[in-house]
Structures are given as structure tokens and as C-alpha cells.
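Q: Sequence first, predicted coordinates after that:
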Amino acid sequence: MYKIANHSRGLRLIDFYNENNFHVILSNYGASIYEIEAPDKNRKMESVTLTPQYAFYYRSPKYAGLSVGRVLGRIEKGEFIIDGRKYNITPNDKGNLNHSGDNTFAYKFFDFKIEEQKEYTKVIFSLNIKDMEDGFPGDLELRANYFLYHIQNRIKIEYQAISSKDTLLNITNHTYFNLSGNLKRDILDHELSINKGYIAKMDDDLVIKQIEVVSKEFDFRKPKEIGKDIYSDAVLFPAKGYDHLFTGSKPLLLTLYDKESGRFLEISSNYKDVTIYTNNITDNTIYVGNVIDSPYLAIAIEPNRMSKILSSDGIIQKARTLYNYYIDYLFDVR
């Protein structure tokens, strides 16, 4: 069951409930997840996302829930070369380009349509970007398809895109999660597991330089509390917490578990990389429920293919070839 609400400035929210009362609010701004409410072990429904009040939602530096691209993460000096031509996009983060800068499609309104199927409700967000409109080459046809399941407490996002020219593409969803419910606690006691044995080594400005085997501080191949090593020097410098790319050869499988509430989240993807960010840098954002931003209030989980930036082809998407990646979120209790 869904309904559509119209708000000011062109914002439209899609309110969805499934047969378990699992509640998802999608937004046409940034083709985003605005809020998710999921049950705890006592079937109590509470918010499990970092959801900004509307006044803090637009052009948010947190990118909370937004679809980010054409490229997530940092490009050194905002410079890249495709087919022998050098491109430069104005940096927005310590002299580097982060999350595609001021013209990221995270800050654009998407068109959408809704299709009802037997197993799910499908929301199809679409956006067309002109060649160089956002600083990147190629007319881009972008689709963000959301599958909201009627019986499972499950959301699947499918990112599909085609460019008229060779371009850079690395798209993710930037939802922050806190399974305690209504942001009652930070996420330091959440247990995290990631099936990745490698991590990107970064410079002081968080630009990826090389890939190395995980040290104990970054080893989440077995479930570990996020707070166990977060105050170690290896994690605190330079990111002040986790703000790191984890990688490996297998498709992503990640779990997040909050013992007190019993909420369990499994994320799978055909992406092989994932960026983990523990909300280390705070600002004046106020979230739904009048919760004020604070360190480690939530964890952003960003599946992607950023490690390819170190390969010969980088994250170049060839012209007229389909970019097709999915991220699957499954909520449960334990």
C-alpha cells in the first residue's frame, strides 16, 4: 500500500507500508530513501535511518539517503582523463572533488512512476543529464529502480544508466542506519560484518592511494562491535572514525546487528566494494524526532566500485553500454 504526498519546492514523498507494517518513505529528491521504520524483537516499529528534518534535507552535506553520482567518493583535484581529454570539475572538499561536487545528481529532482507487481511495488525514478551539464562527458540516461516487497521487509535498488560518450560512473545510495530505533543510542555497540579482506589506504585528505590487506582494526570478516577499535590511531587518523573503502573479489555481503533491539540488517550487492562512514564529522543538522547531530550517531553504508579507480581503465563506463548494479537491504530480528 502506498500514497504520494506533495510538499513545497517540488518535493514528493512516496509512503509505503507492506503487509508487516514495514514502512518506507522514498523521495524524488535524489531518488532517495527518506526514512525506514522497521520492527524490533518486540514488534515495535521505529525509525532506523538518519532522517533530516526538511529544513536540513536540501543540498545536505550528509547526503542522507540520497543516490550519489555520477561518481561517489573523492577524485583528486577534480581531474580525470577520458580518451586522451583532460576534464576538471571544481573541487568541493580540501582541494578534491567529493561525491561529484555541487552538480551531483544527489541534489536533483527525479521524475518517477509506480508499478504494482504481485511480490513488490516498483518505483522507477528517472533523470536525464546533458553532456557536461554536471562536468562529466556524455548525455546520461539514469534510472533508479526501487523494489519494495510486500511480504519481506526488503528494499532492492537497481541503478541502470547509459551514456552517449565514455564517462565516469560509480553510483551508490548514501543511507545512514541506526538499528537502536529512533536514534536512542549511537552505533558503537552495533555488530558489523563485511566479507572483505582488503582496504584502501588513503592520504591525509582521504584520497585513495593503494589497496592493502586489512589490519585488525579494519577486519570485520567476523562480526565485531563498531566501537571496539574505532578509537585506535589507525582509525582516528585522518578520518576521525571509519571513513574507509573495503574491497575484495566477491560480491558484497554485509550485516549490521543491534543486540538490544534485536534488529538485523543484511545488505548484498553485485558491487565488490563498500565505503563505511560512521558520521565522524558533525554539523548543525537536526533529525526527525528533534535529535541533534552527534559523532557516531549512524553508519553510512555505500556499496560501490571505487577500487577500480586504481586500475588502468578506472571507473570509466564505455559509451552505449549498460551500467547495471543493485543494492539489496533485508531487515529481520534475532
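A: Cool, the structure landed.
Q: what's near enough to touch the nearest residue to residue 171 once chain neighbours are set aside?
A: Leaving aside its sequence neighbours, residue 171 sits nearest to residue 69 (Cβ to Cβ, 6 or more residues apart in numbering; 4.0 Å). For the C-beta atoms, the positions are set from N, CA and C on the backbone; glycine is no exception. By Cβ atoms under 8 Å, 6 or more residues apart in numbering, the contact list for residue 69 reads 100, 104, 105, 106, 142, 169, 170, 171, 172.
Q: Surely residue 235 forms part of a strand?
A: No: per DSSP: H, G, I helix; E, B strand; the rest coil, residue 235 lies outside any strand segment and is helix.
Q: Count the residues that sit near it.
A: 19 (other Cβ atoms under 10 Å).
Q: Provide a list of residues in contact with it.
A: Counted by Cβ under 8 Å, 6+ apart, residue 235 has contacts 217, 218, 229, 241, 242.
Q: If we use 6 Å, what do you get?
A: Taking Cβ atoms under 6 Å, 6 or more residues apart in numbering as the contact definition, residue 235 lies against 217, 229.
Q: So for it, what's the pLDDT?
A: Reading off the confidence values, residue 235 has pLDDT 97.
Q: Per-residue confidence at the residue minimising distance to the centre of the chain, what does it come out as?
A: Nearest to the geometric centre of the chain sits residue 174, at 2.3 Å (Cα atoms, centre = their mean). Looking at residue 174, its pLDDT is 98.
Q: Skipping its backbone neighbours, what lies nearest it in space?
A: Closest to residue 174 by Cβ to Cβ, 6+ apart is residue 63, at 4.1 Å.
Q: Which residue, neighbours along the chain excluded, lies closest to residue 147?
A: According to Cβ to Cβ, 6+ apart, the nearest residue to residue 147 is residue 156 (4.1 Å).
Q: Could I get the average pLDDT for the host helix or strand of the one you found?
A: Here residue 156 sits within strand 154-163, counting by DSSP states H and E. Mean pLDDT, strand 154-163: 98.
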